[in-house]
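no FASTA, just this:
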């Protein structure tokens, strides 16, 4: 058994530290990505209450809509955001983005709803 003097560090401790440092720096994505989810994509049936040229309003949240967002009507036909009737219930696939509005990937209209301004009209 070796004796160490004050201030000396065992060789195997130094070797272990260098090996661990090499593994972390050589493959940082492999080491850290395994504990984090790869995707923050979600899907839910939600009520769209409003829209603009670049987002839909769901509750009090704005879901960003881009040219890549696929929007379909109740028959499954692809439509533009301008043709989306609101309010409506839709199955929405979206991506959560840190410190930003969720990004709508797909919007599939399931049911048209009557707006409050139309309630009570024949």
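Received, thanks. Just so it is clear, the model here is predicted, and its values are computed rather than measured. Numbering: from 1, shown residues only.

show me what the top strand by length along the chain is in contact with.
If you go by DSSP state E, the chain has its longest strand at strand 103-112. Applying C-beta atoms under 8 Å, 6 or more residues apart in numbering, the contact partners of strand 103-112 are 41, 45, 48, 56, 63-66, 68-74, 76, 84-85, 87-95, 97. Backbone N, C-alpha and C define where each C-beta goes, glycine included.

how about the helices in this structure?
Along the chain, counting by DSSP state H, helices occupy 11-26, 28-33.

which one of the ones you listed has the lowest average pLDDT?
Within those, the stretch with the lowest mean pLDDT is helix 28-33, showing a mean of 52.

does residue 94 touch residue 42 like I think?
Yes: with contacts counted by C-beta atoms under 8 Å, residue 94 reaches residue 42, the gap being 5.7 Å.

common neighbours of these two, please.
Jointly contacting residue 94 and residue 42 under the rule C-beta under 8 Å, 6+ apart are residue 102.

just want to know which of the two has more residues nearby.
residue 94 (24 against 12; other C-beta atoms under 10 Å).

please name the bridge partners of the more buried one.
On the basis of DSSP bridges, residue 94 takes part in beta bridges with residue 42, residue 104.

domain ranges for this protein, per the record?
What automatic domain parsing lists as the domains of the chain is 9-38, 41-112.

ok, and which of those domains has the densest surroundings?
When the domains of the chain are scored by mean count of other C-beta atoms under 10 Å, the highest mean neighbour count falls to domain 41-112 (a mean of 15).
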